[in-house]
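**Student:** The sequence and its predicted three-dimensional model are supplied below.
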Amino acid sequence: MQRILVTGGAGFIGSHLCERLIAAGHEVVCKDNLFTGRRQNIEHLLGHPRFELHRHDVNEPFVVEVDHIYHLACPASPVHYQRNPVRTIRTCVQGTLHALECAREVGARLFIASTSEVYGDPTVHPQDESYWGHVNPIGDRACYDEGKRCAEALAVSFARQYGVEVRIARIFNTYGPRMHEDDGRVVSNFAVQALRGEPITLYGSGEQTRSFCYVDDLVEAAIRFMALSEDAATDGHAGSRPMNLGNPTEVTIRDIAELVREITGSRSELVFRPLPADDPARRRPDIGRAARLLDWQPRIGLREGLARTIEDFRTRLG
Ligand code: NAD
Ligand code: UDP
């Protein structure tokens, strides 16, 4: 049994992770300021003797005696992270600095939730970890993209300078039950719109692509990544090496709209809205490194994952 801190544990991915860690017999401390997360996401864990919720903003320093830290605290949806861009950069940079300082102080291994957004609007396809990316440093998405890039730089610096064991995961689009109905990301928007019989809003032509990973697959990979020995995780490099985590099945956003319509049986019409600035045209992870080192592949296909997600929305929306 380990004692594990999960920052952002009341959010979408964090709540699934907390659940899995508790089920595996660990003690879990969740730190969250409930900015985009919700108590309901972890309500079923609140009475558990091995689970604690600390309401805390990671922009304030913290020290918790733990073996492992999963640092997820940060808004993830473009709608939310662009609402207060200064705060988003602060959370990416200062929040990660505090997580690293805590890891250094108590000697914990640290998982950093980075993102495929570090590749920006990629000019290389699919994206593997050696690609340095194509990010607009002053665009609408910069607060998140550059914030996460800085978080990675901080993490490798702590690894090289202080020997902190860090695991940088570049997470690609992840979806599943417990996404907020007002989250603003594509799967939640389309599912809610279809269930309510409202128009489904395609931004741009709908021909842009993404590769969607079901949350259980992502959490499994994250846990395996943290279990990996330091030698294997660094591949003999000084500091830490990032790892793409995601599902390589690439689809257009229009495909998602059609699938959601089919699964819900909705007659919602498709309507077209302007494409947001710097919206990446194509995105697909090369997961060769994760497959090799973690002996892992995503198992839940898009149709099954969407059906489970839509069922959850159906229950919650009544
Ligand atoms: P989410 O918004 O559901 O969860 C984020 C959690 O962090 C929320 O519970 C929120 O309240 C909390 N939080 C935000 N700012 C905080 C602060 N200053 N102090 C304490 N808590 C704070 O998002 P998610 O989809 O679960 O994403 C979790 C992590 O994974 C994020 O770091 C995100 O950047 C990363 N990620 C997610 C995806 C995805 O597709 N879901 C893709 C790439 C990276
Ligand atoms: N998108 C869309 N309609 C929506 C929400 C999003 O067409 O209601 C598009 C968005 O422009 C992007 C893709 O879906 O091309 C994925 O968007 P999301 O915000 O989920 O994730 P990200 O852009 O960060 O990958």
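**Tutor:** Looks like it came in fine. Ligands and ions are numbered 1, 2, ... in the order given.
**Student:** what's the spacing between the residue nearest to Cys92 when sequence neighbours are not counted and Gly25?
**Tutor:** Closest residue in space to Cys92, ignoring its immediate chain neighbours: Gly147 at 2.8 Å, by Cβ to Cβ, 6 or more residues apart in numbering. C-beta here means a position set from N, CA and C on the backbone, and glycine is covered the same way. Gly147 is 34 Å from Gly25, where distance means Cβ to Cβ, to the nearest Å.
**Student:** Would you state the strands of the stretch 101-250 of the chain in chain order?
**Tutor:** 109-115, 166-171, 174-175, 200-203, 209-211, 213-214, 243-245, 250-252 (DSSP state E, counting those that start in this stretch).
**Student:** residue contacts, Asn173?
**Tutor:** Contacts for Asn173 (Cβ atoms under 8 Å, 6 or more residues apart in numbering) come out as 116, 185-186, 210-213, 246, 283.
**Student:** ok, of those, which come out buried?
**Tutor:** The neighbour-count test (16 or more other Cβ atoms under 10 Å) marks 116, 185-186, 210-213, 246, 283 as buried among the contacts of Asn173.
**Student:** Reformat these as TSV; add pLDDT.
**Tutor:** Shown next, in TSV, are the buried ones among the contacts of Asn173 (pLDDT from 0 to 100):
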residue	pLDDT
Ser116	98
Arg185	96
Val186	98
Arg210	98
Ser211	98
Phe212	98
Cys213	98
Gly246	98
Arg283	98
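**Student:** now these as JSON lines including distance to Val271?
**Tutor:** Output for the buried ones among the contacts of Asn173, formatted as JSON lines (distance: Cβ to Cβ, whole Å):
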{"residue": "Ser116", "distance to Val271": "27"}
{"residue": "Arg185", "distance to Val271": "18"}
{"residue": "Val186", "distance to Val271": "14"}
{"residue": "Arg210", "distance to Val271": "19"}
{"residue": "Ser211", "distance to Val271": "24"}
{"residue": "Phe212", "distance to Val271": "22"}
{"residue": "Cys213", "distance to Val271": "27"}
{"residue": "Gly246", "distance to Val271": "28"}
{"residue": "Arg283", "distance to Val271": "23"}
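**Student:** mind putting the residues you listed in CSV, distance to ligand 1 included?
**Tutor:** Formatted as CSV, these follow (distance: Cβ to the nearest ligand atom, whole Å):
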residue, distance to ligand 1
Ser116, 6
Arg185, 7
Val186, 10
Arg210, 9
Ser211, 11
Phe212, 8
Cys213, 8
Gly246, 8
Arg283, 11
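**Student:** quick one, phi/psi of the nearest residue to Pro199 once chain neighbours are set aside?
**Tutor:** Of all residues not flanking Pro199 in the chain, Val271 sits nearest, at 4.3 Å (Cβ to Cβ, 6+ apart). Here is the backbone geometry of Val271 (degrees, to the nearest 10): phi -120, psi 150.
**Student:** show me what contacts Val271?
**Tutor:** 199-202.
**Student:** Tell me the residues of the stretch 51-200 of the chain that contact ligand 1?
**Tutor:** 57-59, 72-76, 91, 95, 113, 115, 171, 173-174 (Cβ under 6 Å from any ligand atom).
**Student:** isn't there a helix covering Leu306?
**Tutor:** Yes. Counting by DSSP: H, G, I helix; E, B strand; the rest coil, Leu306 is part of a helix.
**Student:** Number of residues surrounding it?
**Tutor:** If you count neighbours by other Cβ atoms under 10 Å, Leu306 ends up with 24.
**Student:** Kindly provide the distance from it to ligand 2.
**Tutor:** 13 Å (Cβ to the nearest ligand atom, to the nearest Å).
**Student:** How about Tyr175?
**Tutor:** 8 Å.
**Student:** List the residues that contact the nearest residue to Tyr175 once chain neighbours are set aside.
**Tutor:** Closest residue to Tyr175 apart from its sequence neighbours, by Cβ to Cβ, 6+ apart: Val187 at 4.1 Å. Contact analysis of Val187 by Cβ under 8 Å, 6+ apart lists 175, 179, 212, 256, 260, 306, 309.
**Student:** Excluding chain neighbours, what is closest to the third one?
**Tutor:** By that I understand Phe212. Spatial nearest neighbour of Phe212, excluding adjacent residues (Cβ to Cβ, 6+ apart): Asn173 at 5.0 Å.
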